[in-house]
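**Q** What would the 3D arrangement of this be:
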Amino acid sequence: MEEGRETSAMGEQTKTGRQAALENSDSDIGMCGWMLVLFSILLTLLTLPISIWMCIKIVKEYERAIIFRLGRILRGGAKGPGLFFILPCTDSFINVDMRTITFDIPPQEVLTKDSVTVSVDGVVYYRVQNATLAVANITNADAATRLLAQTTLRNVLGTKNLAEILSDREEIAHSMQSTLDDATDDWGIKVERVEIKDVKLPLQLQRAMAAEAEAAREARAKVIAAEGEMNASRALKEASLVIAESPSALQLRYLQTLNTIAAEKNSTIIFPLPIDMMQSFLKR
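**A** Residues are numbered from 1 along each chain as shown. Alright, predicted model coming up:
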């Protein structure tokens, strides 16, 4: 834990040092650069009030502006939101959107740990946390984050079994988020959330899993039916013992059966025949 904290602290210090170096780089423009800056200021003053419209810029609430003076990032970092001023001849700027951006991860064909090919897609939510690093450290932060999300999805799923992919989506998403967040930290990107959308299995595997599930259900049904038959046979055995102890119980059961049949509207005709009459024929 202490080593991890020390590593994290060192990473934060390195990141802060890089940002400070980028933001203070305008002090190294040299003598010629300062002469050009002074000439630009003088030209702006001489052309007032026309030049003021070229100097005033506005960025929206969700944007930040990175100002470059003679190709170097201006001291103070990102500007905005609101009004800021630039020199027409020596300064340029880039607007960076700070809102959360969402993109879909295209379906990725992944070979799982148990050698099953599945197609998995997902969605990633991220935002620019540091506009200076997002402009200075990478050409296109959005495209790089998209490509990194695809490779991270394949790498993470390649270490999982099919059962783990189907049941532990939240754990997989959290692992992807941590990996992406660490990898994009130097780009000024903050990955806020990762979700696994769909896991598509091959058709043959779907049929095999469906047959396996159906066989398991049939097996459970047979076990339940067998247990019911066993319980019913035990109940009939106990009932036969009770009837054997009391001969009148058989007669009452006989009358109850007649009552049940008579309650139904059918054309069944019953001829009562005493069992004692059949005993003489059985003896012969």
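**Q** quick one, helices of the protein?
**A** Here the chain has its helices, by DSSP state H, at 2-23, 30-46, 52-55, 131-136, 141-157, 162-167, 169-183, 203-245, 247-263, 275-283.
**Q** so can I have CSV of these showing mean neighbour count, mean pLDDT and distance to residue 112?
**A** (Glycine included, C-beta is placed from N, CA and C.) Listed next are these as CSV, based on neighbours: other CB atoms under 10 Å; pLDDT from 0 to 100; distance: least, CB to CB, whole Å:
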stretch, mean neighbour count, mean pLDDT, distance to residue 112
helix 2-23, 12, 53, 29
helix 30-46, 13, 82, 57
helix 52-55, 12, 83, 59
helix 131-136, 22, 90, 35
helix 141-157, 18, 91, 7
helix 162-167, 15, 85, 5
helix 169-183, 17, 90, 12
helix 203-245, 10, 81, 11
helix 247-263, 11, 71, 60
helix 275-283, 8, 62, 70
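**Q** Tell me which of these lies nearest to residue 116.
**A** Closest of the helices of the chain to residue 116 is helix 162-167, at 4.7 Å (criterion: CB to CB).
**Q** elements contacting that closest one?
**A** Packing partners of helix 162-167 (3 or more CB pairs under 8 Å, 6 or more residues apart in numbering; DSSP states H and E): strand 117-128.
**Q** which parts of the strand it packs on are buried?
**A** For strand 117-128, burial by neighbour count (16 or more other CB atoms under 10 Å) applies to 118, 120-122, 124, 126, 128.
**Q** For that strand, name the packing helices and strands.
**A** In this structure, strand 117-128 packs against strand 101-111, helix 141-157, helix 162-167, helix 169-183, strand 189-200, with contacts taken as 3+ CB pairs under 8 Å, 6+ apart.
**Q** Report the beta-bridge partner residues of the residue nearest the centre of the chain.
**A** Centroid-nearest residue in the chain, with CA atoms, centre = their mean: residue 195, separated by 1.8 Å. Beta bridges link residue 195 to residue 123 when assigned by DSSP bridges.
**Q** give the contact list for it.
**A** 122-123, 173 (CB atoms under 8 Å, 6 or more residues apart in numbering).
**Q** Now render those residues as TSV, adding distance to residue 43.
**A** As requested, the contacts of residue 195 are exported to TSV (distance: CB to CB, whole Å):
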residue	distance to residue 43
122	53
123	50
173	55
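**Q** Tell me the one among these nearest to residue 201.
**A** The closest of these, once distances to residue 201 are taken by CB to CB, is residue 122, at 16.2 Å.
**Q** wait, what's in contact with the spatially closest residue to the closest one that is not a sequence neighbour?
**A** In space, and not counting its chain neighbours, residue 122 is closest to residue 105: 4.3 Å by CB to CB, 6 or more residues apart in numbering. Counting by CB under 8 Å, 6+ apart, residue 105 makes contact with 121-124, 146, 149-150, 153.
**Q** Identify the bridge partners of the residue nearest to residue 95 when sequence neighbours are not counted.
**A** If you skip the residues right next to it in sequence, residue 95 has residue 63 as its closest partner in space, 5.1 Å away by CB to CB, 6+ apart. With DSSP bridges applied, residue 63 shows beta-bridge pairing to residue 97.
**Q** just checking, residue 63 touches residue 98?
**A** Yes. Contact criterion CB atoms under 8 Å: residue 63 and residue 98 qualify, at 6.5 Å.
**Q** before we move on, the earlier item: out of the helices of the chain, nearest to residue 111?
**A** Taking the helices of the chain one by one with CB to CB, helix 141-157 is closest: 8.8 Å.
**Q** Now tell me what touches that closest one from outside.
**A** Taking CB under 8 Å, 6+ apart as the rule, helix 141-157 contacts 101, 103, 105-106, 108, 110, 112, 118, 120, 122, 124, 126, 128, 134, 138, 165, 172, 175-176, 179-180, 183-184, 187-189, 191, 194.
**Q** same deal with stretch 32-50?
**A** Here stretch 32-50 makes contact (CB under 8 Å, 6+ apart) with 29, 51, 55, 69-70, 87-90.
**Q** Any idea which of these the model trusts least?
**A** Looking at the contacts of stretch 32-50 by pLDDT, the weakest one is residue 29, with 69.
**Q** Now do the contacts for the residue nearest to residue 95.
**A** Applying CB under 8 Å, 6+ apart, we find residue 63 in contact with 80-81, 95-98.
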